[in-house]
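[1] predicted model follows, preceded by the sequence.
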Amino acid sequence: MAFSMDLYSTLMEPGVIGGERMFRKLMLQVSVLASFIHIAFAALFFANDILLLGIVNIFSVVLYLSVFVMTLQRRFIVVGWALVVFEIVGHAALAVYLLGWDSGFHFYAMMIPPVMMVSPLKESIAKMPMVMGMMMLYVLMDYGLRGAQPVYLLKESLLNSLYYFNLVVVLVSMVFLSGLYYRLVVRNAAQLQQLATTDSLTGLHNRRCAQELAEREIKNHLRNGLPLSVLLCDLDHFKRVNDLFGHQTGDRVLRNFSHVLSQQVRSGDLIARWGGEEFLVLLPSTPAAEAQLVAERIRKQLEQDSVTMGGNEVYTTTTIGVAELVVDDTFEQLVARADKGLYQGKETGRNCIVMEQQPACES
């Protein structure tokens with residue numbers, strides 16, 4: 001059971017995949033694929049009385065299973081990779097020596113240089129001598145074994161079958177490994193994009209992403225003469241929450257507020273953590289009067305909600321500045337007006353909504 005969980009956690013590891021983690025996943029795939037291929041070869045060679053290669057393939061299966069376990073346990077990755085290289089080169093050379101060049105086993109040695117180049121085990125400059133060495137070894141194997149008399153003389157039909165089987169296996173394996181590598185790169189790119197645009201604590205848009213999206217919305221609304229409003233929300237006395245109850249409780253309060261905001265706005269509205277305990281809400285196609293109603297719903301729900309942690313029930317409130325888009329407005333000007341309203345609300349008692357210069361605070 002623990003082994004299965006280790007395998008699942010390794011294959012489904014969340015987050016951005018670093019070079020070594022990505023290569024570890026490649027090693028797991030290679031180990032499984034190679035084990036099945038060598039089982040098939042072992043059966044083929046035993047059936048044709050080529051006992052030496054049958055036994056070698058059994059050892060190869062054991063080797064790949066060992067590499068699989070080492071990789072899964074995240075131990076001896078370099079040793080595992082060295083064993084894979086040794087097995088591929090040694091097996092290819094031995095099979096070509098015993099069965100002849102036309103058996104096609106030399107194709108497997110061609111897989112090593114490209115996989116070695118994408119491995120994170122050494123810097124690219126350090127990899128080049130090893131890659132060049134593998135290429136030279138292949139050339140020497142070609143020179144020394146291409147015209148050599150094989151030890152076992154196979155039927156032409158069987159030899160041709162082996163040749164094309166090995167060719168297809170190598171081509172499919174390289175396509176598979178290339179596809180896997182590509183998927184991992186694409187996945188990493190998507191996750192990096194998410195990290196670059198999302199606040200890790202609340203899951204909302206971060207400030208940079210919100211600004212880019214808001215500027216596009218503002219240009220569109222100004223061009224089409226549509227109303228648009230922004231809410232700038234600040235949690236009241238948030239520092240006191242951190243000081244009295246600790247930062248974990250403060251994080252819970254921030255996540256709870258992000259949940260309140262998500263509940264009270266439409267799916268097409270933009271919510272972002274603007275910084276610290278400040279949150280920004282962009283309301284497309286919404287005039288100021290409607291924006292104030294949305295702000296009031298947010299204020300009331302947060303006032304009624306509480307966060308419980310460590311036996312403490314913590315209530316928080318918010319002050320919200322509201323501003324509406326005007327002709328020739330910029331995003332910075334719009335947010336600045338909302339910020340002025342927010343500041344005014346802080347000065348006049350907090351837990352209130354302020355429409356630009358017009359305070360309407362709760363007593």
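    Thanks, I have it.
[2] quick check: longest helix of this protein.
    Counting residues, the longest helix found in the chain (DSSP state H) is helix 156-197.
[3] immediately after it, which helix or strand?
    helix 207-224 (DSSP states H and E).
[4] pLDDT on that next one, on average?
    Averaging pLDDT along helix 207-224 yields 94.
[5] for T316, what are its contacts?
    For T316, the contact set (Cβ atoms under 8 Å, 6 or more residues apart in numbering) comprises L235, D236, H237, F238, V241, V253, N256, F257, L302, D305, V307. Quick note: C-beta positions are derived from backbone N, CA and C, even for glycine.
[6] if you set the cut-off to 6 Å instead, what comes out?
    Counting by Cβ atoms under 6 Å, 6 or more residues apart in numbering, T316 touches L235, V253.
[7] then Q211?
    By Cβ under 6 Å, 6+ apart, Q211 lies in contact with nothing.
[8] so where does I320 fall, helix or strand?
    Here I320 is assigned to strand 318-324, by DSSP H and E.
[9] partner strands of that strand, with direction?
    Looking at strand 318-324 with DSSP bridges, its partner strands are strand 228-235 (antiparallel), strand 352-355 (parallel).
[10] which residues are in contact with that strand?
    Against strand 318-324 from outside (Cβ under 6 Å, 6+ apart): 229-236, 288, 291-292, 295, 299, 302, 334, 337-338, 341-342, 345-346, 350, 352-356.
[11] with stretch 137-156 instead?
    Applying Cβ under 6 Å, 6+ apart, the contact partners of stretch 137-156 are I50, A93, V96, L98, L99, G100, W101, A109.
[12] if you set the cut-off to 8 Å instead, what comes out?
    Here stretch 137-156 makes contact (Cβ under 8 Å, 6+ apart) with 48, 50, 89, 92-93, 96-101, 103, 106, 109-110, 162.
[13] buried ones among the residues you listed?
    Among the contacts of stretch 137-156, those scoring as buried are 50, 89, 92-93, 96-101, 103, 106, 109, 162 (criterion: 16 or more other Cβ atoms under 10 Å).
[14] need the pLDDT of E13.
    So E13 comes in at 47 (pLDDT).
[15] same thing with L121?
    What the model reports as pLDDT for L121 is 58.
[16] what segments of the stretch 251-363 of the chain are strands?
    Using DSSP state E, counting those that start in this stretch, the strands of the stretch 251-363 of the chain run over 270-275, 278-284, 306-309, 312-315, 318-324, 352-355, 358-361.
[17] returning to what we had before: avg pLDDT for the longest helix of the chain?
    In this model, helix 156-197 has an average pLDDT of 84.
[18] so it versus strand 270-275, what angle?
    Orientation check (axes from the mean of the first three to the mean of the last three Cα atoms, to 10 degrees): helix 156-197 against strand 270-275 gives 70 degrees.
[19] report the angle between helix 156-197 and helix 207-224.
    80 degrees.
[20] just give the number of residues close to A40.
    A total of 13 residues lie near A40 under the criterion other Cβ atoms under 10 Å.
[21] next one: L228
    Neighbour tally, L228, other Cβ under 10 Å: 24.
[22] sorry, back to before: can you tell me which two in the contacts of stretch 137-156 are farthest apart?
    Within the contacts of stretch 137-156, two members stand farthest from each other by Cβ to Cβ: N48 and M110, at 25.1 Å.
[23] now the buried ones among the contacts of stretch 137-156 as JSON lines including secondary structure and distance to A272?
    Formatted as JSON lines, these follow (DSSP: H, G, I helix; E, B strand; the rest coil; distance: Cβ to Cβ, whole Å):
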{"residue": "I50", "secondary structure": "coil", "distance to A272": "67"}
{"residue": "V89", "secondary structure": "helix", "distance to A272": "55"}
{"residue": "A92", "secondary structure": "helix", "distance to A272": "56"}
{"residue": "A93", "secondary structure": "helix", "distance to A272": "60"}
{"residue": "V96", "secondary structure": "helix", "distance to A272": "62"}
{"residue": "Y97", "secondary structure": "helix", "distance to A272": "66"}
{"residue": "L98", "secondary structure": "helix", "distance to A272": "67"}
{"residue": "L99", "secondary structure": "helix", "distance to A272": "65"}
{"residue": "G100", "secondary structure": "coil", "distance to A272": "67"}
{"residue": "W101", "secondary structure": "helix", "distance to A272": "64"}
{"residue": "S103", "secondary structure": "helix", "distance to A272": "63"}
{"residue": "H106", "secondary structure": "helix", "distance to A272": "58"}
{"residue": "A109", "secondary structure": "helix", "distance to A272": "54"}
{"residue": "L162", "secondary structure": "helix", "distance to A272": "61"}
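[24] since that was my last question, I'll sign off now.
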